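1. just to be clear, the model below is a prediction. Sequence and coordinates:
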Amino acid sequence: MPKKSKKSSALTPRGIDAEVNKRIQEFCEKNNCQSEEVIDLIKFALEPALPKEPTDPDEMTVAQIKNKVAKAWGKTNYLQLSKDPDWNIYHKKTGLNGRLRETWTSYFREWVGFPNNERNLKPAYGVVNGIDIFKNFRPWEVFEVNRKTATKDQIQAAFRKLSMKYHPDKTPNPKDRDVFEKLVEMRDSIIAVFES
Amino acid sequence: MNTKKKQIPSKKEHLISTDVLADILRIKEDRLIEICDFFDSDPDDDWTLEEDKHFIFTNKSAGIRLFKEAGALEIAKYVEQNDDKKSLWRQIVKKFFDLRHKKYVNSLIMERVCEIGSIKGSIVVSGGRPYITTKETRFILRLHTRQDILNKAFDHEQRGEHGRSPMRNNYHFISLPDDEKRRYSPEGIKRLSIGLQAICKSRSTKSWNSAVQDSIFRSLKEVTKQYILDDSRLQRTVNLAKSKANKCCELTGRKKTKAKANKYFQLAAHHLYDKNNYPFLQYELNNIIAIDSILHKDFHAWMKGFDKSCTAEDFLESLQMQPDEIFGKGEGSSSLQVSAIANVKRRIQFLRPALDAMEPVQKITD
């Protein structure tokens, strides 16, 4: 007689059978809620969880980063991207070495998104409000203003607040001049939205 | 006598080369040639390719042919039936027409970009990057007078939750005090085309902007390369101008020799119309005159500095006002002066059409 696998039967979910349905109805009547919503929630809970796709370049291989950049550029994969004459003109203009991981990480920052692990950094040179402004051009996050609702005055006020700290006249550190210049560039870039 | 006239394909017909067709059908080029041989082997079977109807020969002895649409479809059918690939037919037809449409749209974009190259003041160079006026940017993006849509696309790129970093001042766009509106670099136009694809619902706008996104860099590179300083190209042109003058000063006829007087002679290449304000003439041989480096320095000192703008007319004036300093007082100096003036005037005549077509391009120093 074949042996029953105890392990597999113990892990198999019973699903939404008549017994479960009855209990759902009772629960909904008691708590005054819709049975469909509860069934949807249970179904979602029973679905096998998909493996999480890495979102930060640090968790990816260089090939994965390249493919992400390719998709953001409008190509299906890196092979297509490398053959694209426009990409080659752009890449040549940047003067970056395509064999380095850092190059592809910087393309990722510009074209794909703001890596999660590069937010809320500890205070260091070039880090303003938790963001390394020399690596990431993210003015809305640096000025801590809402990108959808911020007004010109709010952006100016946020810039003035930071310039009190980084203005060459206010700081003894000559390196902070570069930080200030970057902040000016960020302000000018987003304030252009208000000038049609 | 064979009186059958060979059909010349009409201009509207699309011809496809073997390698392109192999790519469309996702088969190897050798396999395609094999299929063609099979088609040619038995004219009485179901599979045949007729010359002029399905293809034309570009080189009959080598068997090189260009396929017409009908021929391409015949081969596609054969591949579908024999190579046993699921739903290949649909893929083929889709890719076939996509490819044709994309190329057609790309050629229209290139035409538009070429047009802006001849519009006065449409291009400004800053930090080695060309910037195009808003009006011409709208023209490339096929927005006509809809500045509001361009602003929306800009707003989308600056504020949107798409993940890309916002467009940067002095990189993607530039605001000049003389201009009412922003100017955009090729990178900026690419970003605007991406933004337009996101905000516009019309399929034709999306398709146009997708094509702009794909080809804007190479199109603009061709148009703006004359404005961008290319050191190696300039050096080659300068060397060519010096060789053309037989390594002699074109004003005085002096040359580097072992004689004591000419031992330290150095030849300089002078741009009659300076390369900063007239970049479209910087690689033009007629604009470069080979002269003694001392005379070159003297001329720019007379113009009050190397950084000051100069023209061929200024150079001509200096030849007329300072004959003794340039040509000396000896015999034959007046004939040297006459030939030098004639030389410069002849060059001006050659350069005049280009000068009339273009106005000095504004160059902003960072």
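-> Cool, got the structure. Everything quoted here is computed from the prediction, not taken from an experiment.
2. shaky segments in the stretch 251-366 of chain B?
-> Across the stretch 251-366 of chain B, the ranges flagged by pLDDT under 70 are B:357-366.
3. the helices in it, which residues?
-> B:293-302, B:312-321, B:323-327, B:333-357 (DSSP state H, counting those that start in this stretch).
4. for the second one, packing partners?
-> Just to be clear, that refers to helix B:312-321. Helix B:312-321 sits against helix B:293-302, helix B:333-357, with contacts defined as 3 or more CB pairs under 8 Å, 6 or more residues apart in numbering or on different chains; DSSP states H and E. (Each C-beta comes from the backbone N, C-alpha and C, glycine too.)
5. how much space separates the residue nearest the centre of chain B from B:Gln235?
-> Closest residue to the average C-alpha location of chain B: B:Glu222 at 1.6 Å, with CA atoms, centre = their mean. Distance of B:Glu222 to B:Gln235, given as CB to CB, to the nearest Å: 22 Å.
6. thinking again about what came up before, give me whichever of the helices and strands packed on helix B:312-321 is most buried.
-> helix B:293-302 (a mean of 16; mean count of other CB atoms under 10 Å in any protein chain shown).
7. so what's the residue nearest to the centre of chain B up against?
-> Contacts for B:Glu222 (CB atoms under 8 Å, 6 or more residues apart in numbering or on different chains) come out as B:Met110, B:Val113, B:Cys114.
8. check A:Lys68 too.
-> Contacts of A:Lys68 by CB under 8 Å, 6+ apart are A:Met60, A:Phe108, A:Val112.
9. did I read that right, it in a helix?
-> Yes: secondary structure assignment (DSSP: H, G, I helix; E, B strand; the rest coil) places A:Lys68 inside a helix.
10. out of the helices and strands packed on helix B:312-321, which is closest to A:Glu53?
-> Nearest to A:Glu53, of all the helices and strands packed on helix B:312-321, is helix B:333-357, at 54.3 Å by CB to CB.
11. any idea how far that closest one is from the chain center?
-> Relative to its chain's centre, helix B:333-357 lies at 29 Å (CA atoms, centre = their mean, to the nearest Å).
12. between that helix and helix B:312-321, how many degrees?
-> On the basis of axes from the mean of the first three to the mean of the last three CA atoms, to 10 degrees, helix B:333-357 is oriented at 160 degrees to helix B:312-321.
13. packing partners of helix B:333-357?
-> strand B:288-292, helix B:312-321, helix B:323-327.
14. let's go with 7 Å and repeat that
-> Using 3 or more CB pairs under 7 Å, 6 or more residues apart in numbering or on different chains; DSSP states H and E, the elements in contact with helix B:333-357 are helix B:312-321, helix B:323-327.
15. quick one, that helix and strand B:288-292 angle?
-> 150 degrees.
16. and the helices of the stretch 251-366 of chain B: which comes nearest B:Phe154?
-> Ranking the helices of the stretch 251-366 of chain B by proximity to B:Phe154 (CB to CB) places helix B:333-357 first, at 31.4 Å.
17. that older thread, the contacts of B:Glu222 in strands, which ones?
-> Judged by DSSP state E, the subset of the contacts of B:Glu222 located in strands is empty.
18. which of those are buried?
-> The neighbour count (16 or more other CB atoms under 10 Å in any protein chain shown) marks B:Met110, B:Val113 as buried among the contacts of B:Glu222.
19. how's the chain carved up into domains?
-> Because you didn't say which chain, this covers chain A. Following the assignment in automatic domain parsing, chain A carries domains at A:17-46, A:57-111, A:119-194.
20. that answer is for a different chain, and I need it for chain B
-> B:16-85, B:106-224, B:231-364.
21. among those domains, which is the most enclosed?
-> Among the domains of chain B, highest average neighbours (mean count of other CB under 10 Å) belong to domain B:106-224, with a mean of 18.
22. how near is the residue located most distally from the centre of chain B to chain A?
-> Taking CA atoms, centre = their mean, the residue of chain B most remote from its mean C-alpha position is B:Asp44, at 50.6 Å. With distances taken as CB to the nearest CB, to the nearest Å, B:Asp44 is found 43 Å from chain A.
23. just B:Glu317 next, same as before
-> 40 Å.
24. quick check: whatever residue of chain A ends up closest to chain B vs A:Lys68, distance?
-> Chain B sits closest to A:Gly113 of chain A, with a gap of 3.4 Å, by CB to the nearest CB. Distance, A:Gly113 to A:Lys68, using CB to CB: 9 Å.
25. quick one, what contacts the residue of the stretch 201-350 of chain B found nearest chain A?
-> In the stretch 201-350 of chain B, the residue that lies nearest chain A is B:Phe217 (4.0 Å; CB to the nearest CB). Neighbouring residues of B:Phe217 by CB atoms under 7 Å, 6 or more residues apart in numbering or on different chains: A:Asp86, A:Ile89, A:Tyr90, B:Pro186.
26. excluding chain neighbours, what is closest to the second one?
-> Across the structure, with CB to CB, 6 or more residues apart in numbering or on different chains as the measure, the residue nearest A:Ile89 apart from its sequence neighbours is B:Phe217 (4.4 Å).
27. assign the one you found to helix, strand or coil.
-> Once three-state DSSP is applied, B:Phe217 turns out helix.
28. spit out the contact partners of B:Ile194.
-> B:Gln213.
29. show the pLDDT at it.
-> B:Ile194 carries a pLDDT value of 91.
30. what strand or helix carries the closest residue to A:Lys43 other than its chain neighbours?
-> Excluding the flanking residues, the one nearest A:Lys43 by CB to CB, 6+ apart is A:Ile16, at 7.3 Å. A:Ile16 belongs to no helix or strand when assigned by DSSP states H and E.
31. count the residues that sit near A:Ile16.
-> Per other CB atoms under 10 Å in any protein chain shown, the neighbour tally for A:Ile16 reads 15.
32. give me the residue from chain B nearest chain A.
-> Closest point on chain B to chain A, by CB to the nearest CB, is B:Gly163, at 3.4 Å.
33. now that residue, what's its secondary structure?
-> Strictly by three-state DSSP, B:Gly163 counts as coil.
34. give me the helix or strand of chain A that scores worst on average pLDDT.
-> helix A:6-11 (a mean of 51; mean pLDDT, DSSP states H and E).
35. quick check, pLDDT for the closest residue to B:Ser210 other than its chain neighbours.
-> Nearest residue to B:Ser210 in three dimensions, chain neighbours excluded: B:Gln197, at 6.2 Å (CB to CB, 6+ apart). On pLDDT, B:Gln197 comes in at 90.
36. just checking, B:Gln197 touches B:Lys206?
-> Yes: applying CB atoms under 7 Å, one finds B:Gln197 in contact with B:Lys206, separated by 5.1 Å.
37. all strands of chain A, in order?
-> Using DSSP E, strands in chain A cover A:127-128, A:131-132.
38. and A:Gly98, which of those strands is closest to it?
-> Of those, nearest to A:Gly98 by CB to CB is strand A:131-132, at 22.4 Å.
39. quick one: strands adjacent to the closest one?
-> strand A:127-128 (antiparallel) (DSSP bridges).
40. list of residues touching the partner strand?
-> With CB under 7 Å, 6+ apart as the criterion, strand A:127-128 contacts A:Leu121, A:Val142, A:Leu162, A:Val179.
41. just checking, the residue of chain B closest to chain A touches A:Val112?
-> Yes: at 5.8 Å, B:Gly163 counts as touching A:Val112 under the criterion of CB under 7 Å.
42. pLDDT below threshold where in chain A?
-> Judged by pLDDT under 70, the stretches of chain A that qualify are A:1-13, A:50-52, A:196.
43. part of a strand, is B:Ile56?
-> Yes: assigned with three-state DSSP, B:Ile56 falls within a strand.
44. report pLDDT for it.
-> So B:Ile56 comes in at 87 (pLDDT).
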